[in-house]
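# Give me coordinates for this.
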Amino acid sequence: IMTYDWATLTENINNSKSILLSTHKNPDGDGLGSEISMYYHLKNMNKDVRIINISEMPKKYNFMDSEKIVETYDPDDTWIENVDLVIVFDLGDFRRLLELGESIERNKINVINIDHHHPFDVSKYHLSIVDTDSPATTYMIWKYFQDTGLTKDPLENKIALALYAGLVNDTGSFRYNAVTSDTHNMASD
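Below you'll find the predicted structure:
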């Protein structure tokens, strides 16, 4: 069983005003579901938060982003220069952020990695929370929401939809070996 360092993640979030969320190029349902669900959680905390990805939102995932919160990186956008914290999801390799990653490094922003893939290079991260036994990164986000007490009440539809879509995406509709009874608990929640 993996021990997640949710306390350090929460401390970093609480100490940050502006937070950038991102995932790998050509994002999939798990990366998108993770960043979208975390976006709404952070918005509820009154954080200045944006989702900026290096690739455009794939049309097949538009149902997860009805409010059009997922943005595509624009090198002329100066907002990133004042970001306190970056949280990346389902990344695997920091280099998959391309020019966005270069901008993050140039601005010396602390990066937290949350992933169910073993990271290529952990030196890029201020904190790396990795569980290679997890069925999906969205599952890890759900575990974080459990830890913070967010799941004591029913999740907001926008958060629940993003988490569920990412879980279905990365478990092959609950067919893959990493699926456990707790995976189904998440789906039920």
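# any low-confidence regions in this protein?
Along the chain, segments meeting pLDDT under 70 span 1-3.
# For it, which segments are assigned as helices?
Here the chain has its helices, by DSSP state H, at 6-14, 29-44, 98-106, 137-147, 157-170, 181-188.
# among those helices, which is nearest residue 67?
helix 157-170 (7.7 Å; C-beta to C-beta). C-beta coordinates here come from the backbone N, C-alpha and C atoms, glycine included.
# Need the residues that contact that closest one.
For helix 157-170, contacts defined as C-beta atoms under 8 Å, 6 or more residues apart in numbering pick out 28-34, 36-37, 40-41, 61, 63-64, 66-67, 116, 135-139, 141-142, 145, 154-155, 174, 176, 183, 186-187, 189.
# Pull out the buried positions in it.
In terms of neighbour count (16 or more other C-beta atoms under 10 Å), helix 157-170 has its buried residues at 158-170.
# re earlier: right, so of the helices of the chain, which gets closest to residue 87?
helix 29-44 (6.6 Å).
# Remind me what the closest one packs against, helices and strands.
strand 18-23, strand 48-53, strand 70-72, strand 85-89, helix 137-147, helix 157-170 (3 or more C-beta pairs under 8 Å, 6 or more residues apart in numbering; DSSP states H and E).
# could you dump those to CSV with distance to residue 11?
Shown next, in CSV, are these (distance: least, C-beta to C-beta, whole Å):
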stretch, distance to residue 11
strand 18-23, 13
strand 48-53, 17
strand 70-72, 27
strand 85-89, 11
helix 137-147, 13
helix 157-170, 22
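# how long is stretch 71-89 end to end?
Using C-alpha to C-alpha, to the nearest Å, the end-to-end distance of stretch 71-89 comes out at 15 Å.
# could I get the helices of the chain as a markdown table with distance to residue 78?
Below are these laid out as a markdown table (distance: least, C-beta to C-beta, whole Å):
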| stretch | distance to residue 78 |
| --- | --- |
| helix 6-14 | 23 |
| helix 29-44 | 20 |
| helix 98-106 | 10 |
| helix 137-147 | 29 |
| helix 157-170 | 28 |
| helix 181-188 | 38 |
